[in-house]
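In: Next one to model:
(4 chains)
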Protein chains: 4
Amino acid sequence: MNITLEQAEAVIAEAKKKAVEINTKMNIAVVDSGSNLVAFIHMDGGWIGSVDISMKKAKTAAWFQMDTKELSPLVQPGQPLFNIEQSNGGLITFPGGVILKNKGNEIIGAIGVSGSSVDDDHAVAEAGASAIK
Amino acid sequence: MNITLEQAEAVIAEAKKKAVEINTKMNIAVVDSGSNLVAFIHMDGGWIGSVDISMKKAKTAAWFQMDTKELSPLVQPGQPLFNIEQSNGGLITFPGGVILKNKGNEIIGAIGVSGSSVDDDHAVAEAGASAIK
Amino acid sequence: MNITLEQAEAVIAEAKKKAVEINTKMNIAVVDSGSNLVAFIHMDGGWIGSVDISMKKAKTAAWFQMDTKELSPLVQPGQPLFNIEQSNGGLITFPGGVILKNKGNEIIGAIGVSGSSVDDDHAVAEAGASAIK
Amino acid sequence: MNITLEQAEAVIAEAKKKAVEINTKMNIAVVDSGSNLVAFIHMDGGWIGSVDISMKKAKTAAWFQMDTKELSPLVQPGQPLFNIEQSNGGLITFPGGVILKNKGNEIIGAIGVSGSSVDDDHAVAEAGASAIK
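Out: Reported below is the predicted structural model:
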């Protein structure tokens, strides 16, 4: 099962609405379950360093079938996955990557958001994910 | 002067309309004049190898302020820019990247299209570029 | 639709049988339709430079939904896709990458073979592909 | 002395048996003593981000002639090898990479396993290593 462009556009529209609501300028990326990019937007005036981060967050979530915030505690010094970010050409393991599931609970892709605090990033990603029914 | 997200979305919508019309499944990327990605879509079933190519076409056009098809003859063996593709982490120098100008004739970004023949790719990119008034 | 490990192992077994038959030492890679690696073998004494080439052939076929030998004429100097190999972190566009289709004619992955002449490589890849019924 | 494909396949078969037993979906890579990939499998539904991690674990073990879990304490902040992961195009220094020795106690390669907790990963790698007599 893979996300369609129509679904990805709905995810981005919902995420963007939330980003505007909380007065942020986000980069928003959606990938399919195989981690390939399906859709992306960069909001006017947003950080351009976050273009890549939003994509890496979405890919990281798809690669490991979990939200990136699940990884954050595990990658700290002394923790089991310390420096896992060296793999796959670079992971992003802080909040803002959220998996996308269909109503059958199958993973169909992931959304990655970057451009504000990690809490804001995660909230916008969650809003985007809610667009999949 | 830089393209806005609203303009980039209009460019993509117009390009997508053309892609559907000529029965192709395209990857469509829009970058600003600084070559940073502003918007992207992958049409369902399109080549996933063209995600990267569409972006590289858009970036190549923005980097050199010309359509990628202008570069094609110059990069052949024996010609002045032979193997220029080795620069910038990889150029794509065949048709499908088109610069975007505003009505004041300033370059505000570029569109890159990949997913079919290079003639189709270029036609879809031109259609997208026409959305900027 | 994506290839299973069981199918990938059958593809590799068949390819390896052919490689032995024609007295070659091959590297054989199988990827899914999203271009992610599913299975790989390096035959004893085979070229180690072909580990990467076999994977890139499989990925190139999956990325563009066609056998790599279809690309070979198109990437020559003066032809439409000259230097397309600069994309996606490196393509291999000579024979030896073959798409894998199920009986419903859907692409479920690709096989890449490297370690001998490109004709041998392609023949071994074709043999592998025949394992999918 | 280097591992043969036949040995590598036995290692993978044993590791896979253990992975099934403990209900995990692993990526399993075997490299020779020169760190070149000999065989690999991705179990259905396993994390695709672990394709690369399993290979990097195997290579890291082969590169330093020790299990990756020996490296984990040494790479922490303030410890002698802090950030060694920056070398060789990326190391993975947490558990799951195990060296493979023949009965003469010579290193003939390494196995890397990724797809579950690091304890599970290491247990599956150990199971694989036991296939070498």
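In: The residue of chain A found nearest chain B in helix, strand or coil?
Out: As assessed by Cβ to the nearest Cβ, chain B sits closest to A:Phe40 within chain A, at 4.1 Å. (C-beta placed from N, C-alpha, C; glycine too.) At A:Phe40 the chain is in strand, as set by DSSP: H, G, I helix; E, B strand; the rest coil.
In: now it, nearest residue through space, not along the chain?
Out: With sequence-adjacent residues excluded and distances taken as Cβ to Cβ, 6 or more residues apart in numbering or on different chains, A:Phe40 is closest to B:Phe40, at 4.1 Å.
In: count of neighbours near the residue of chain A found nearest chain C?
Out: Nearest residue of chain A to chain C (Cβ to the nearest Cβ) works out as A:Gly34 at 2.4 Å. Look at A:Gly34: counted by other Cβ atoms under 10 Å in any protein chain shown, it has 19 neighbours.
In: same check, this time on the one 4 residues further on
Out: Residues contacting A:Val38 under the criterion other Cβ under 10 Å number 30.
In: can you tell me which residues contact the closest residue to it other than its chain neighbours?
Out: Excluding the flanking residues, the one nearest A:Val38 by Cβ to Cβ, 6+ apart is A:Ala8, at 4.2 Å. Listed by Cβ atoms under 8 Å, 6 or more residues apart in numbering or on different chains, the contact set of A:Ala8 reads A:30, A:38-39, A:109, B:41.
In: A:Ala8 falls within a helix, correct?
Out: Yes - according to three-state DSSP, the state of A:Ala8 is that of a helix.
In: State the distance from it to A:Asp120.
Out: Note on A:Ala8: its distance to A:Asp120, by Cβ to Cβ, to the nearest Å, is 21 Å.
In: From A:Ile132, how far off is the residue nearest to A:Phe40?
Out: Distance, B:Phe40 to A:Ile132, by Cβ to Cβ: 19 Å.
In: just to revisit the earlier point, quick check: pLDDT value at the residue nearest to A:Val38.
Out: Looking at A:Ala8, its pLDDT stands at 98.
In: likewise A:Lys133?
Out: For A:Lys133, pLDDT reads 83.
In: How many residues are close by it?
Out: By the criterion of other Cβ under 10 Å, A:Lys133 has 7 neighbours.
In: so it, which of the three states?
Out: Classified using three-state DSSP, A:Lys133 is coil.
In: so it sits right up against A:Lys103, yeah?
Out: Yes - between A:Lys133 and A:Lys103 there is a contact under Cβ atoms under 8 Å: 6.2 Å.
In: Quick one: classify the residue of chain A closest to chain C as helix, strand or coil.
Out: The local conformation at A:Gly34, judged by three-state DSSP, is coil.
In: Next up, the contacts around it.
Out: A:Gly34 makes contact with A:2, A:62, B:48, C:32-36, D:48, according to Cβ under 8 Å, 6+ apart.
In: Buried residues, stretch A:43-62. List them.
Out: By 16 or more other Cβ atoms under 10 Å in any protein chain shown, the buried positions in stretch A:43-62 come out as A:43, A:46-48, A:50-62.
In: which among those residues are in contact with chain D?
Out: Filtering these for proximity to chain D (criterion: Cβ under 8 Å from any Cβ of the partner chain) leaves A:60, A:62.
In: Now, the buried residues of stretch A:43-62 that are in helices?
Out: Counting by DSSP state H, those place A:50-62 in helices.
In: any idea how far A:Ser116 is from chain D?
Out: Separation of A:Ser116 from chain D (Cβ to the nearest Cβ, to the nearest Å) stands at 25 Å.
In: ok, and the closest non-adjacent residue to that residue?
Out: Excluding its sequence neighbours, the residue lying closest to A:Ser116 (Cβ to Cβ, 6+ apart) is A:Thr24, at 4.1 Å.
In: of all of chain A, which residue lies closest to chain D?
Out: Closest approach between chain A and chain D, counting by Cβ to the nearest Cβ: A:Trp63, at 2.7 Å.
In: List the residues that contact that residue.
Out: By Cβ under 8 Å, 6+ apart, the contact list for A:Trp63 reads A:35, A:88, A:91, D:47-50.
In: between those, which is closest to B:Ser72?
Out: The closest of those to B:Ser72 turns out to be A:Ser35 (Cβ to Cβ; 31.4 Å).
In: tell me the pLDDT at the most centrally placed residue in chain A?
Out: For chain A, the residue nearest the mean C-alpha position is A:Gly112 (1.6 Å; Cα atoms, centre = their mean). In the predicted model, A:Gly112 carries a pLDDT score of 98.
In: can you give me how far the one helix or strand it maps to is from the chain middle?
Out: A:Gly112 is located in strand A:107-114, with elements delineated by DSSP states H and E. Here the centre of strand A:107-114 is set off from its chain's centre by 4 Å, with Cα atoms, centre = their mean, to the nearest Å.
In: rewinding a little: hmm, which two among the contacts of A:Ala8 are most spread apart?
Out: Greatest spatial distance among these (Cβ to Cβ): A:Gly109 and B:Ile41, at 13.9 Å.
In: got any residues that touch both of the two?
Out: The overlap between the contact sets of A:Gly109 and B:Ile41 (Cβ under 8 Å, 6+ apart) consists of A:8, A:38.
In: Any regions of chain A where pLDDT drops low?
Out: In the predicted model of chain A, no residue satisfies pLDDT under 70.
In: what's the closest non-adjacent residue to the residue of chain A positioned farthest from its centre?
Out: Largest separation from the mean C-alpha position in chain A: A:Gly78, at 25.8 Å (Cα atoms, centre = their mean). With sequence-adjacent residues excluded and distances taken as Cβ to Cβ, 6+ apart, A:Gly78 is closest to D:Gln76, at 5.9 Å.
In: Run a quick neighbour tally on the one you found.
Out: 16.
In: That one touches A:Phe82, doesn't it?
Out: Yes - D:Gln76 lies in contact with A:Phe82 (Cβ under 8 Å); the separation is 7.2 Å.
In: okay, now the residue nearest to A:Ser116: neighbour count?
Out: Neighbour count of A:Thr24, defined by other Cβ under 10 Å: 18.
In: where's it relative to B:Ser50, distance?
Out: From A:Thr24 across to B:Ser50, the span is 31 Å (Cβ to Cβ).
In: before we move on, what about A:Asp52?
Out: Noted for A:Asp52: a distance of 19 Å to B:Ser50, by Cβ to Cβ.
In: and if you look at A:Lys103?
Out: To B:Ser50, A:Lys103 is 30 Å away according to Cβ to Cβ.
In: same deal with A:Leu37?
Out: Counting by Cβ to Cβ, the separation of A:Leu37 from B:Ser50 is 11 Å.
In: Dihedrals phi and psi, A:Thr97?
Out: No, residue A:97 isn't Thr; it's Gly. Backbone torsions for A:Gly97, taken as degrees, to the nearest 10, come to phi -110, psi 130.
In: For B:Phe40 and A:Ile132, indicate the residue with more neighbours.
Out: Comparing B:Phe40 with A:Ile132 by other Cβ under 10 Å, the one with more neighbours is B:Phe40, at 27 against 18.
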